[in-house]
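Chemist: Below: sequence and its predicted model.
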Amino acid sequence: MNKNKVFFLLLLFMYMLGNAQDTILPIWTKEIPNRIATDEKEVEDSEEILRISLVQKPIIEVFLPAKRSATGKAVLIFPGGGYHFLAYDWEGTDVAKFLNAKGIAAIVVKSRLPNSKSLTEAYKVPLQDAQRAMRITRANASTWHINPNEIGIIGFSAGGHLASTLGTHYDEIVYEKQDPVDELSARPDFMALIYPVITMKEQTHQGSKNALLGKKPSDDQVEALSNETQVTTHTPPTFLVHATDDTVVPVENSLLFYTALKAHKVPVTLFVYPKGGHGFGLGLHDEFLKDWPNQLMTWMATLKR
């Protein structure tokens with residue numbers, strides 16, 4: 001093999017390698033709202049799963065499917081972690097890879113967490129990052145070969161609370177506009193909520209509530225972020241998954257949201273498994289749970305544009 005051919009193959013390999021890399025974008029290109037300067041540092045712990053805490057600079061990580069298999073759909077992913085950390089691979093990048101295999105673009109959202117001392121009015125911050133992440137995705141729809149009217153969200157546990165907050169508070173003004181991106185809608189076209197925290201009332205996950213609202217929240221804060229009380233006829237179609245024996249986030253969270261959606265005639269599908277506990281991710285370890293991602297794909301295929 002001559003040197004020119006070797007050089008050409010090397011260039012081709014480098015080009016392909018470059019295209020295989022995922023896009024990482026900052027959520028905020030100017031000033032990060034509600035942020036104050038501290039000595040706090042972001043922490044990553046990968047002993048069992050990758051846990052990211054004390055997020056300082058929120059980002060989105062974009063995973064695109066092969067062009068030949070792309071469906072035009074996209075899903076923003078909000079990992080769980082009780083609003084204390086992000087289960088970034090287990091409920092984030094692993095889910096993105098599953099979606100890519102189905103031809104769906106996946107955007108993992110590394111949002112700020114309200115237990116950080118680098119924040120003011122910390123309860124507003126997750127929604128700020130979520131709204132902006134959705135708007136950035138819509139702004140890049142053409143570049144990423146996404147239909148801007150087929151962008152959904154999926155959230156796990158406390159990430160399910162953030163997702164349901166975006167789905168019910170998408171038009172709430174929670175930050176000052178920074179650029180033309182903020183003129184775009186933050187409304188998801190559909191939602192998937194997996195063993196989600198929904199309410200801040202009696203059936204809540206106390207750790208998530210304490211992290212988000214503190215130990216003495218006002219009644220107005222509790223009401224506003226009990227998302228079963230915020231459903232309207234404009235809330236996106238929703239897919240819910242929960243296990244009856246979940247002792248961390250009671251199944252009543254999903255039942256409350258299901259009931260509210262049904263009352264407002266919002267299309268909703270609910271899968272309640274008898275066993276599974278909490279935090280089962282894609283459910284690959286369980287003969288029954290492992291089918292829920294495929295049920296989600298079937299449900300997504302039935303959605304009207």
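Modeler: On my side now, so go ahead. Numbering: from 1, shown residues only.

Chemist: least trustworthy helix or strand in the chain by mean pLDDT?
Modeler: helix 3-20 (a mean of 39; mean pLDDT, DSSP states H and E).

Chemist: For residue 292, give me its contacts.
Modeler: Residues in contact with residue 292 (CB atoms under 8 Å, 6 or more residues apart in numbering) are 194, 241, 271, 273, 283. Using the backbone N, CA and C atoms, a C-beta is placed for each residue, glycine as well.

Chemist: can you pick the most crowded of those?
Modeler: residue 194 (28 neighbours; other CB atoms under 10 Å).

Chemist: Give me the local confidence score for that residue.
Modeler: Listed pLDDT for residue 194 reads 98.

Chemist: ditto for residue 241
Modeler: Predicted confidence (pLDDT) for residue 241: 98.

Chemist: Okay, and the beta partners of it?
Modeler: residue 194, residue 271 (DSSP bridges).

Chemist: I figured it hits residue 157, correct?
Modeler: No: using CB atoms under 8 Å, residue 241 makes no contact with residue 157, being 11.3 Å away.

Chemist: what is in contact with those two at once?
Modeler: Listed as contacting both residue 241 and residue 157 by CB under 8 Å, 6+ apart are 194, 195.

Chemist: quick one, what contacts residue 275?
Modeler: Here residue 275 is in contact with 243, 244, 245, 288 (CB under 8 Å, 6+ apart).

Chemist: so what's the nearest residue to residue 53 once chain neighbours are set aside scoring on pLDDT?
Modeler: The shortest distance from residue 53 to any non-neighbouring residue, by CB to CB, 6 or more residues apart in numbering, is to residue 85 (4.0 Å). pLDDT recorded at residue 85 is 98.

Chemist: same deal with the one 3 residues further on?
Modeler: Predicted confidence (pLDDT) for residue 88: 98.

Chemist: Repeat that for residue 48.
Modeler: For residue 48, the predicted pLDDT is 88.

Chemist: where's it relative to residue 229, distance?
Modeler: Distance, residue 48 to residue 229, using CB to CB, to the nearest Å: 36 Å.

Chemist: So between the two, which is more surrounded?
Modeler: residue 229 (16 against 8).

Chemist: Just confirm the more buried one contacts residue 219, I think it does.
Modeler: No: assessed by CB under 8 Å, residue 229 is found out of contact with residue 219, at 11.8 Å.

Chemist: all helices of the stretch 1-150 of the chain, in order?
Modeler: 3-20, 94-101, 125-139 (DSSP state H, counting those that start in this stretch).

Chemist: Identify the bridge partners of the residue nearest the centre of the chain.
Modeler: By CA atoms, centre = their mean, the chain has its centre lying nearest to residue 78, at 2.2 Å. Residue 78 forms beta bridges with residue 155, as assigned by DSSP bridges.
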